[in-house]
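1. Pasted the sequence and its predicted model underneath.
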Amino acid sequence: MAKHATPLLDQLESGPWPSFVSDIKQEADNRHANPNGVEYQIPVDVCDDLLGLLEMSYVDGETHWKHGGIVGVFGYGGGVIGRYCDQPQMFPGVAHFHTVRVNQPSGKYYSTDYLRSLMDLWDFRGSGLTNMHGATGDLVWLGTTTPQLEEIFYTLTHDLNTDLGGSGSNLRTPADCLGQSRCEYACYDVAALCYHMTIEYQDELHRPAFPYKFKFKFDGCPNGCVAAIARSDFSVIGTWKDDIRIDQSAVAAYVKGEFAPNAGAHSTRDWGKFDIVKEVVNLCPTGCMSYDGSKLTIDNKECYRCMHCINTMPRALKIGTETGASIFVGAKAPILDGAQMGSLLVPFVPVEGEYDEVKEVVENLWDWWMEEGKNRERIGETIRRMGFQKMLEVTNIKADARHVQEPRTNPYIFWKEEDVEGGWQRDINEFRKRHQR
Amino acid sequence: MAFISAGYNPKKPMENRITDIGPRKYDQFLPPVLKDNYGKWDYHEIIEPGVLMHKGLSGDEVYTVRCGGARLMSVTLVREICDIGEKYCGGYVRFTTRNNIEFMVGTKAEALALKAELNGRKFAAGSHRFPVGGTGAGITNIVHTQGWVHCHTPATDASGTVKVVMDEFFEDFGAHNMPAPLRISMACCLNMCGAVHCSDIAILGYHRKPPLVDNEYVDNLCEIPLAVAACPLGAIRPTKVEVNGKEVKSVAIKQERCMFCGNCYTMCPSLPLSDKEGDGLVIMAGGKISNRITNPKFSKVVVAFIPNEPPRWPTLAKVIRKIVDAYSKDANKYERVGDWAERIGWERFFEKCDLEFTAHLIDDFRDPAYYTWRQTTNFKW
């Protein structure tokens, strides 16, 4: 018998898609049955109370969570988000229900041993409910009490050899696509760079020193599976400089219908016979391709590497071999002044060694933003307020036509005194000698 | 429920303290075939919806079975994932950016058997535990936020709205029947933890009533200057009001200036916005992240408001169904929702999707607004 009746939530148990309500109920039952004899450190009926509270929101059409308080682990300013419900008498199990963010491994790969050890810890010291994963990339653990926080952190660092993720005005937990671990499109070792940057900037990740949040995301190619260009203040997106490699015999196999176009991504629907001219050559946004009936030709100098032809014929076309990445800065969701896409800052950076070229850009940006950024101003907003030119100046990057979609349409150029012959200091009396009042 | 210490000594917090070690390194979690072929992959094929084959230059093959999951998962469910990973995948599993689970096996036969098994696993009440799909030109899993489950600012629930939309499009999750990949995302307030602003279809929770002012507590719970500064529209000013015969410091809100972003509430808990009638959903469409064929682009607001209708949000499911059906029927192969809308023209988009165009959909927020108005004779009747 459920602790709270949840007639509205129960309606979310029907339908084919995995029901989170069924899963929370399963966990509630598991905690009551406790087959493994866990000495639960937070109330056993936490899942029941969460369902009860959520049902109340479904009735009221309003959330019943209050603002987070300042809770966390000693010495860190992030990784834990305080959470309290506003009906603690009715739902004491979730009166204190803090979120813990645990830094996920790059690519979100796990051994089951490791994943089990994480789940055992959260079963023991938390609600047993997680997000796999949060929007930024962390493992998000939903709900524990303040006394458990240091204990969880102790076990994470001592026994599980891992750490908390970011929150607040910190570097947020970096995230990446799966990169070279299982993708032929990855133009650089995404996981290695993501891991390196995460370790390199642990201090920034755990201790708030920024005007606001700052996100790193690493995409291996312009397909953008981890959404770096839309979602990260600093996005590193794989690219290449040389030619797309063509295997003409594989091109012929696609034309003959031996290989499914787009790796079989359109297989449920009959789109007719694959037509290389219609589906590849004519869809190329730069018009740099041609097909003469037997041979596919690419004018690589005019190609801007959108990935369409490679996605469509992955067995015939391969990314180039002179690979690296482009860096985009300033993407963010709409709060406050509207959404921003990342803007190209570095067209090409080699991704190798200790990644000094990448880190130099990051550190120059941070130095500037920490000096000039206003409270709760994302770096993309600082750039808009102070100008793209200012960003070029602080990063010592030379302006390049690739930086813009088009040149400015107004001539309101902020010339600097040192750029103008003779400077700005002039004598009005000299002027008046030539021009009467 | 006796407190059990892990070893932490609150009297000496720095004793044996380990900090700043970061996450475990990824390479210890890669299945051997991925380690062996790292950076040396040749190509991939989607054998059938939800089943991918990646081929290494070495000739090695790995088969991945992808299945959807509610982002909210219990430890019991994750342990079941571990059981499957141990039984079939040598003790390795992976999660995707879009809350899918991936199981990797060595042969096609194993992959197809695993697909059948995963599709057979259900919760007692009937929903799938691990439905296989989410690949290619179909509708993959929805990325989303916390909603009423665990957040203080939402204008709707996230898990519930996602559940009803994925129920509606369940067949499309397990099929390759769309013109191109169709990505749906959900964020339960304008903060957009889910960053839905570049999705083919975005579901966004939105408030429509300005904040209440809890005069009695504003000055105790908030820094008034921070609350004032938090408003991007300058709609909040400090003021003094009388509460129970006593003059207290508070704030006044110019209500007609409010765009309901909730930034003030984030800074000051005495300015709550939530309201049953006021809150609901905005639908945006036509955004993308990939650079394929066309540039990444923002989603556009196509439905200004859908009321919250818990628990199953029937209007939400219906509206998205109309957009998806019109797109699926009319778009060219490889054409994303936004590319389709731009090719046919947005005026035609509203007609084909049977959506009403209202004044709410014309941008009036600062400079970028002007650039979205029509400045050409090139429009369609």
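-> Arrived safely, thanks for sending.

2. Stretch B:257-269 spans what distance, first to last residue?
-> From its first residue to its last, stretch B:257-269 covers 20 Å (CA to CA, to the nearest Å).

3. How about stretch B:266-286?
-> End-to-end distance of stretch B:266-286 (CA to CA): 29 Å.

4. Could you list the buried residues of it?
-> Residues of stretch B:266-286 classed as buried: B:266-275, B:278-286 (neighbour count, 16 or more other CB atoms under 10 Å in any protein chain shown). For every residue, glycine as well, the C-beta is placed using N, CA and C.

5. So which of the residues you listed reach chain A?
-> Counting by CB under 8 Å from any CB of the partner chain, B:269, B:274, B:275, B:279 from the buried residues of stretch B:266-286 sit close to chain A.

6. how about the closest residue to chain B within the stretch 301-437 of chain A, what does it touch?
-> Per CB to the nearest CB, residue A:333 is where the stretch 301-437 of chain A lies closest to chain B, at 3.5 Å. Taking CB atoms under 8 Å, 6 or more residues apart in numbering or on different chains, we find residue A:333 in contact with A:231, A:339, B:187, B:191, B:192, B:193, B:195, B:196, B:197.

7. Lowest-confidence entry in those?
-> Lowest pLDDT within the contacts of residue A:333 is found at residue B:195 (75).

8. what's near enough to touch that residue?
-> Going by CB under 8 Å, 6+ apart, residue B:195 touches A:135, A:227, A:230, A:231, A:333, B:185, B:187.

9. rerun at 7 Å
-> Residue B:195 is in contact with A:135, A:227, A:230, A:231, A:333, counting by CB atoms under 7 Å, 6 or more residues apart in numbering or on different chains.

10. Retrieve the pLDDT associated with the second one.
-> According to the prediction, residue A:227 has pLDDT 96.

11. before we move on, the earlier item: how close does the residue nearest to the residue of the stretch 301-437 of chain A closest to chain B when sequence neighbours are not counted get to residue B:372?
-> Using CB to CB, 6 or more residues apart in numbering or on different chains and skipping residues adjacent in sequence, the residue nearest residue A:333 is residue B:192, 3.5 Å away. Applying CB to CB, to the nearest Å, the value for residue B:192 to residue B:372 is 20 Å.

12. Between the two, which is the more surrounded one?
-> Neighbours were tallied for residue B:192 and for residue B:372 using other CB atoms under 10 Å in any protein chain shown; the higher tally belongs to residue B:192 (23 against 13).

13. what's the spacing between the more buried one and residue A:165?
-> Distance check for residue B:192 against residue A:165: by CB to CB, it reads 19 Å.

14. Do a quick rundown of the helices in the stretch 51-200 of chain B.
-> With helices called from DSSP state H, counting those that start in this stretch, the stretch 51-200 of chain B shows them at B:75-88, B:108-120, B:158-168, B:170-173.

15. ranking those helices by burial, who's on top?
-> helix B:158-168 (a mean of 25; mean count of other CB atoms under 10 Å in any protein chain shown).

16. got a list of contacts for that helix?
-> Outside helix B:158-168, the residues that reach it (CB under 7 Å, 6+ apart) are A:12, A:15-17, A:19-20, B:70, B:72, B:142, B:144-147, B:149, B:173, B:184, B:186, B:188, B:203, B:310-313, B:316-317, B:320-321.

17. mind listing which of the buried residues of stretch B:266-286 are in strands?
-> B:280, B:281, B:282, B:283, B:284, B:285 (DSSP state E).

18. Save those residues as TSV, and put in pLDDT too.
-> Output for those, formatted as TSV (pLDDT from 0 to 100):
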residue	pLDDT
B:280	98
B:281	98
B:282	97
B:283	98
B:284	98
B:285	98
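
19. Check the average confidence over stretch A:192-199, would you?
-> Stretch A:192-199 comes out at a mean pLDDT of 98.

20. Stretch B:237-248 now?
-> Mean predicted lDDT for stretch B:237-248 stands at 95.

21. host element of the nearest residue to residue A:395 once chain neighbours are set aside?
-> Take residue A:395 and drop its neighbours on the chain: the residue closest to it by CB to CB, 6+ apart is residue A:364, 4.5 Å away. Using DSSP states H and E, the element containing residue A:364 is helix A:356-372.

22. Which strands and helices lie in contact with that helix?
-> Here helix A:356-372 touches strand A:343-349, helix A:379-386, helix A:388-395, going by 3 or more CB pairs under 7 Å, 6 or more residues apart in numbering or on different chains; DSSP states H and E.

23. redo that, cut-off 8 Å
-> Using 3 or more CB pairs under 8 Å, 6 or more residues apart in numbering or on different chains; DSSP states H and E as the contact test, the elements touching helix A:356-372 are helix A:190-200, strand A:234-240, strand A:323-329, strand A:343-349, helix A:379-386, helix A:388-395.
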